[in-house]
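Colleague: Build me a model:
(2 chains)
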Number of protein chains: 2
Amino acid sequence: MNENILGIVAGVLTSVSMIPQLIKVIREKNVEDISLLMLLVLISGLSLWVWYGFEKDELPIIISNAFAVLVNISLLICYIKYNNKK
Amino acid sequence: MNENILGIVAGVLTSVSMIPQLIKVIREKNVEDISLLMLLVLISGLSLWVWYGFEKDELPIIISNAFAVLVNISLLICYIKYNNKK
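Modeller: The predicted structure is shown next:
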């Protein structure tokens, strides 16, 4: 299989699997199950993967991890927003 | 920065961020917040990333995604185990 297609399919699957968490948090306005430290560690790690993708010049890695950074920054924003309400 | 070191650091960070979810599920024996479909989609995606890593011959991608597959298969086993108890 073409490596780029393989990477894109892999990226779409791992990206899609993150959406329900975000929807759940936005809908329920409840972030008590989310660990702030882990969210920050995850965002740092995903950002490094984007950097790695640029270094290696691999588009599937850049796109899927950049998307994951966006989803997790959204979760971070929700965390700050809903955690303050308590 | 050396690309492999960058990839390993990125992999360690994204891998570490997954552990608390697994510990939480094992400790609380509660899987009601986990979506089976999304777990299956995620495991499929991560497995394709391992394949992608082999195709591109990139060890950081292989190791970090293989680790993620293991964590999520453990979650899947917990899901089957604790979901049946209800």
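Colleague: Which element, helix or strand, includes the residue nearest the centre of chain A?
Modeller: Nearest to the mean C-alpha position of chain A, by C-alpha atoms, centre = their mean, lies A:Ala68 at 2.4 Å. Per DSSP states H and E, A:Ala68 falls inside helix A:59-83.
Colleague: Can you list the buried residues in that helix?
Modeller: Residues of helix A:59-83 classed as buried: A:60-69, A:71-72, A:75-76, A:78-79, A:82 (neighbour count, 16 or more other C-beta atoms under 10 Å in any protein chain shown). For the C-beta atoms, the positions are set from N, CA and C on the backbone; glycine is no exception.
Colleague: near chain B, which of those show up?
Modeller: When contact is defined as C-beta under 8 Å from any C-beta of the partner chain, those meet chain B at A:Pro60, A:Ile61.
Colleague: Would you tell me which residues of chain A are close to chain B?
Modeller: A:1, A:3, A:6-7, A:9-17, A:20, A:24, A:33, A:35, A:38-39, A:41-42, A:44-46, A:48-49, A:51-52, A:55-56, A:58, A:60-61.
Colleague: next structured bit after the lowest-mean-pLDDT helix or strand in chain A?
Modeller: Within chain A, no helix or strand scores below helix A:19-28, which has a mean of 88 by mean pLDDT, DSSP states H and E. Next helix or strand after helix A:19-28 toward the C-terminus (DSSP H and E): helix A:36-56.
Colleague: Who's the closest spatial neighbour of A:Val69, skipping the chain neighbours?
Modeller: Using C-beta to C-beta, 6 or more residues apart in numbering or on different chains and skipping the chain neighbours, the partner closest in space to A:Val69 is A:Leu46 (4.8 Å).
Colleague: Please apply the same query to A:Trp49.
Modeller: Excluding the flanking residues, the one nearest A:Trp49 by C-beta to C-beta, 6+ apart is A:Asn65, at 4.0 Å.
Colleague: quick one: pLDDT of the one you found?
Modeller: Residue-level confidence at A:Asn65 comes out at 95, pLDDT.
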